[in-house]
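Enquirer: Need a 3D model of the sequence below.
(one chain, ligands or ions: 2)
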Amino acid sequence: MKIALLGYGRMGKTIEELAIKRGHEICYKTSTAIDEEALKEADVAIDFSVPNAAFTNITMCFKLNIPVVSGTTGWLDNYDKAIEICHKSNGSFIYASNFSIGVNLFFKLNKTLAHLMANQQDYAVALKEIHHTKKLDAPSGTAITLAEHIIDATDNTKWHLNNQDSKDHTNSIGITAERTPDVPGTHTISYSSKIDTIEITHTAHTREGFALGAIIAAEWLKDKTGVFTMNDVLDSII
Ligand SMILES: NC(=O)c1ccc[n+]([C@@H]2O[C@H](COP(=O)([O-])OP(=O)(O)OC[C@H]3O[C@@H](n4cnc5c(N)ncnc54)[C@H](O)[C@@H]3O)[C@@H](O)[C@H]2O)c1
Ligand SMILES: O=C(O)C1=N[C@H](C(=O)O)CCC1
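Expert: Ligands and ions are numbered 1, 2, ... in the order given. Here you go, the predicted structure:
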């Protein structure tokens with residue numbers, strides 16, 4: 001299929017390399033405002049841009065009736081508005097904070113552990129994410145997804161970024177965001193008591209997992225209409 005890359009940075013370049021190996025054509029790539037005529041040539045668009053461009057890029061695809069997969073994080077304040085526009089436009093859309101198959105399996109593990117720990121009042125839960133120093137947003141979108149799963153299963157009601165002046169941490173999950181050169185993405189959930197700690201970690205070694213998952217999602221979405229999640233994709237392939 002013909003793929004348009006909206007965002008041609010670390011992820012865009014990784015997706016290009018893998019997509020060509022899978023027999024696809026990159027018909028358009030941009031790291032600036034979209035050329036509508038060029039975008040119209042695509043069967044599907046894959047957006048890995050920046051937080052302040054994603055909503056514009058995604059809704060442009062809805063306008064042009066181009067199925068769009070977005071992995072850009074840090075724009076979810078506009079997610080509900082994007083969904084509304086997608087439905088009105090009869091569009092096709094998948095957003096995921098993390099497209100890696102491994103991370104989506106980790107999401108399932110996180111949900112199971114959160115339910116297991118829900119009534120263990122002696123344990124306090126905390127999250128830590130480590131990414132490369134070029135990352136614009138904190139905490140990571142993946143960490144927010146993990147925290148939301150834990151909120152759904154426990155009496156925690158919100159999350160906060162550690163080391164920020166915040167008065168009320170009652171029933172709030174602390175997320176530590178660490179930035180270290182060249183780290184693709186590591187996420188750890190820990191449940192600690194006075195006696196012991198239970199911990200699960202996902203460590204990405206490269207960006208290939210994110211890219212492969214996004215391409216698989218684009219291949220899956222191409223002939224569908226509606227708003228879907230990576231779970232919909234995974235349910236059909238694992
Ligand atoms: N969902 C996932 O699996 C996943 C995995 C990795 C990264 N990400 C997210 O993807 C995004 C990109 O990550 P990255 O490491 O490739 O960043 P990057 O900075 O290397 O690449 C982003 C690119 O977008 C370009 N850009 C800026 N404005 C643009 C616009 N208006 N339209 C199109 N492109 C524009 C930038 O010039 C840059 O080249 C981040 O939000 C990151 O959190 C998500
Ligand atoms: O490299 C990044 O930036 C990543 N962003 C996503 C997030 O914010 O969770 C996925 C992991 C890598």
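Enquirer: Tell me the backbone dihedrals of the residue in the chain that ligand 1 sits nearest to, please.
Expert: Going by CB to the nearest ligand atom, ligand 1 is nearest to residue 9 of the chain, at 2.0 Å. C-beta coordinates here come from the backbone N, C-alpha and C atoms, glycine included. Main-chain dihedrals, residue 9, degrees, to the nearest 10: phi -110, psi -140.
Enquirer: Confirm for me that it is in contact with residue 53.
Expert: No. Under the criterion of CB atoms under 8 Å, residue 9 is not in contact with residue 53, lying 11.5 Å apart.
Enquirer: Quick check: residues of the protein near ligand 1?
Expert: Along the chain, the residues adjacent to ligand 1 under the rule CB under 6 Å from any ligand atom are 6-12, 30-33, 48-50, 53, 57, 71-74, 96-99, 137, 141, 210.
Enquirer: filter those down to the ones near ligand 2?
Expert: Among these, proximity to ligand 2 is found for 73, 97-98, 141 (CB under 6 Å from any ligand atom).
Enquirer: what is the rounded mean pLDDT of whichever strand or helix holds residue 220?
Expert: Under the criterion DSSP states H and E, the helix or strand holding residue 220 is helix 208-221. Taken as a whole, helix 208-221 carries a mean pLDDT of 98.
Enquirer: how far does it sit from the chain's center?
Expert: Taking the mean of its C-alpha atoms, helix 208-221 sits 12 Å from the chain's own mean (CA atoms, centre = their mean, to the nearest Å).
Enquirer: So for residue 9 and residue 53, which sits in the more crowded spot?
Expert: Under the neighbour definition other CB atoms under 10 Å, residue 9 and residue 53 were set side by side, and residue 53 has more, 18 against 13.
Enquirer: how close does residue 97 get to residue 28?
Expert: According to CB to CB, to the nearest Å, residue 97 and residue 28 sit 25 Å apart.
Enquirer: hey, where'd the helices end up in this protein?
Expert: Ranges of helices within the chain are 10-21, 36-39, 54-63, 79-89, 101-117, 141-153, 208-221, 230-237, based on DSSP state H.
Enquirer: Quick one: closest of the ones you listed to residue 169.
Expert: Nearest to residue 169, of all the helices of the chain, is helix 141-153, at 13.2 Å by CB to CB.
Enquirer: tell me the domain ranges of the chain?
Expert: 2-99+208-236, 101-205 (the TED database).
Enquirer: Would you mind finding the most buried of the ones you listed?
Expert: A comparison of those by mean neighbour count, using mean count of other CB atoms under 10 Å, puts domain 2-99+208-236 on top with a mean of 19.
Enquirer: follow-up on the earlier one: as a markdown table, the helices of the chain with distance to residue 161 would be great.
Expert: Rendered in a markdown table, the data for these read as follows (distance: least, CB to CB, whole Å):
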| stretch | distance to residue 161 |
| --- | --- |
| helix 10-21 | 23 |
| helix 36-39 | 35 |
| helix 54-63 | 20 |
| helix 79-89 | 19 |
| helix 101-117 | 19 |
| helix 141-153 | 9 |
| helix 208-221 | 22 |
| helix 230-237 | 24 |
